[in-house]
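K.L.:
coords below, sequence missing:
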């Protein structure tokens with residue numbers, strides 16, 4: 001007969017217990033490996049996203065070259081458009097001229113001035129209209145009447161009102177971008193839970209304290225949404241104004257190239273406008289992410 005020996009937990013030595021029941025890994029030991037895996041996954045996702053964006057642009061450029069080189073006519077007359085190589089050659093010529101950078105600087109000065117004024121006025125007016133019933137009753141109807149008017153339709157008014165074309169184009173840029181900022185700020189103020197302001201008031205905060213501690217931080221996401229939209233609209237209207245009444249600027253130079261049938265130069269102007277708009281909008285969005293970094297971020301898979 002075989003004799004079975006049963007060992008109780010009390011009779012087991014420390015080594016035997018460790019063999020039979022190995023110690024479980026603690027959460028603290030697993031945390032570094034999990035964090036490293038998350039960083040690796042995030043890094044791979046970021047690179048995948050960048051490669052996808054570059055590939056999409058490259059595919060469009062390649063398709064454009066294919067259609068224009070072969071003079072394709074399939075509903076659209078690609079045979080009348082310049083090829084990618086012609087545009088690149090013209091772009092190189094522009095990069096070597098002083099006039100190109102002067103036009104860029106002039107357009108940027110107009111954008112920064114008009115958009116900067118619109119950001120300040122739009123945020124302050126949006127807060128006032130969102131928090132004051134009296135201001136909303138006085139200025140609300142005027143705002144809603146003026147908002148649907150395209151800023152480019154104000155070019156004749158700007159020519160009559162302002163002594164110089166420069167002031168008029170800044171006014172057009174300001175008018176184009178102030179309403180998206182104002183409306184977004186007003187909606188953000190009205191969407192704030194009233195319990196936040198009430199809680200701060202119970203702690204003895206003044207009206208200014210409520211603005212600083214509750215209103216300003218709470219409306220920042222909405223404000224930067226309006227700023228991002230306003231920047232895009234500002235570029236659209238500025239380029240149009242430069243084409244109509246400008247003497248310098250990317251829009252003026254692009255229209256001048258069209259009038260002399262220099263189509264590669266027209267596309268150089270269009271690409272320049274796109275790069276400038278992309279860059280300035282990116283700066284606004286980056287500033288928004290940095291200032292509102294306390295907000296939770298969704299991580300795309």
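P.N.:
Structure's in. What do you need? Bear in mind the structure is a predicted one, so any value in this text is a computation, not a measurement.
K.L.:
alpha carbons only for contacts and neighbour counts from here, please
P.N.:
Will do.
K.L.:
Okay, now the unreliable bits of the stretch 101-250 of the chain?
P.N.:
In the prediction, the stretch 101-250 of the chain carries no residues with pLDDT under 70.
K.L.:
how about the strands in it?
P.N.:
Counting by DSSP state E, counting those that start in this stretch, the stretch 101-250 of the chain has no strands to list.
K.L.:
In it, what residue spans correspond to helices?
P.N.:
In the stretch 101-250 of the chain, the helices defined using DSSP state H, counting those that start in this stretch lie at 133-146, 155-161, 165-191, 194-202, 207-210, 216-245, 250-259.
K.L.:
right, so those helices: which one is the most enclosed?
P.N.:
helix 165-191 (a mean of 24; mean count of other CA atoms under 10 Å).
K.L.:
wait, what's in contact with residue 192?
P.N.:
215, 218, 219 (CA atoms under 8 Å, 6 or more residues apart in numbering).
K.L.:
quick one: it and residue 214, what's the gap?
P.N.:
9 Å (CA to CA, to the nearest Å).
K.L.:
about what we covered before: any idea which of the helices of the stretch 101-250 of the chain gets closest to residue 55?
P.N.:
Judged by CA to CA, the one of these that comes nearest to residue 55 is helix 216-245, at 24.1 Å.
K.L.:
between that closest one and helix 250-259, what angle do the directions make?
P.N.:
Angle between the axes of helix 216-245 and helix 250-259 is 30 degrees (criterion: axes from the mean of the first three to the mean of the last three CA atoms, to 10 degrees).
K.L.:
So which elements touch helix 216-245?
P.N.:
helix 98-131, helix 165-191, helix 250-259, helix 263-291 (3 or more CA pairs under 8 Å, 6 or more residues apart in numbering; DSSP states H and E).
K.L.:
With respect to residue 72, which of the ones you listed lies nearest?
P.N.:
Checking the helices and strands packed on helix 216-245 against residue 72 by CA to CA gives helix 263-291 as the closest, at 17.5 Å.
K.L.:
Mind listing what's buried along that closest one?
P.N.:
By neighbour count on 16 or more other CA atoms under 10 Å, the buried set for helix 263-291 is 263-269, 272-273, 276-277, 280-281, 284-285, 288.
K.L.:
So what's the residue count around residue 204?
P.N.:
Using other CA atoms under 10 Å, residue 204 has 10 neighbouring residues.
K.L.:
just residue 122 next, same as before
P.N.:
Counted with other CA under 10 Å, residue 122 comes out at 27.
K.L.:
And it, how close does it get to residue 59?
P.N.:
Computed as CA to CA, the residue 122 to residue 59 distance reads 39 Å.
K.L.:
Ok, residue 156 next?
P.N.:
42 Å.
K.L.:
can you check residue 214 too?
P.N.:
The gap separating residue 214 from residue 59 is 47 Å, by CA to CA.
K.L.:
Settle it for me: which of the two has more neighbours?
P.N.:
Using other CA under 10 Å, the more surrounded residue of residue 214 and residue 59 is residue 214, with 20 against 12.
K.L.:
wait, what's in contact with the closest residue to residue 79 other than its chain neighbours?
P.N.:
Nearest residue to residue 79 in three dimensions, chain neighbours excluded: residue 71, at 4.0 Å (CA to CA, 6 or more residues apart in numbering). Residue 71 sits next to 77, 78, 79, 80 when contact means CA under 8 Å, 6+ apart.
K.L.:
same question, residue 281
P.N.:
Contacts of residue 281 (CA under 8 Å, 6+ apart): 228, 231, 232.
K.L.:
correct me, but the last one touches residue 279?
P.N.:
No. Counting by CA atoms under 8 Å, residue 279 is not a contact partner of residue 232; they are 10.7 Å apart.
K.L.:
Next one: residue 116 from residue 216, what distance?
P.N.:
Distance from residue 116 to residue 216, by CA to CA: 18 Å.
K.L.:
Kindly report the same for residue 239.
P.N.:
According to CA to CA, residue 239 stands 33 Å off from residue 216.
K.L.:
same deal with residue 228?
P.N.:
18 Å.
K.L.:
again, but for residue 157
P.N.:
35 Å.
K.L.:
next one: residue 61
P.N.:
From residue 61 to residue 216 the distance is 43 Å (CA to CA).
K.L.:
With residue 185 instead?
P.N.:
10 Å.
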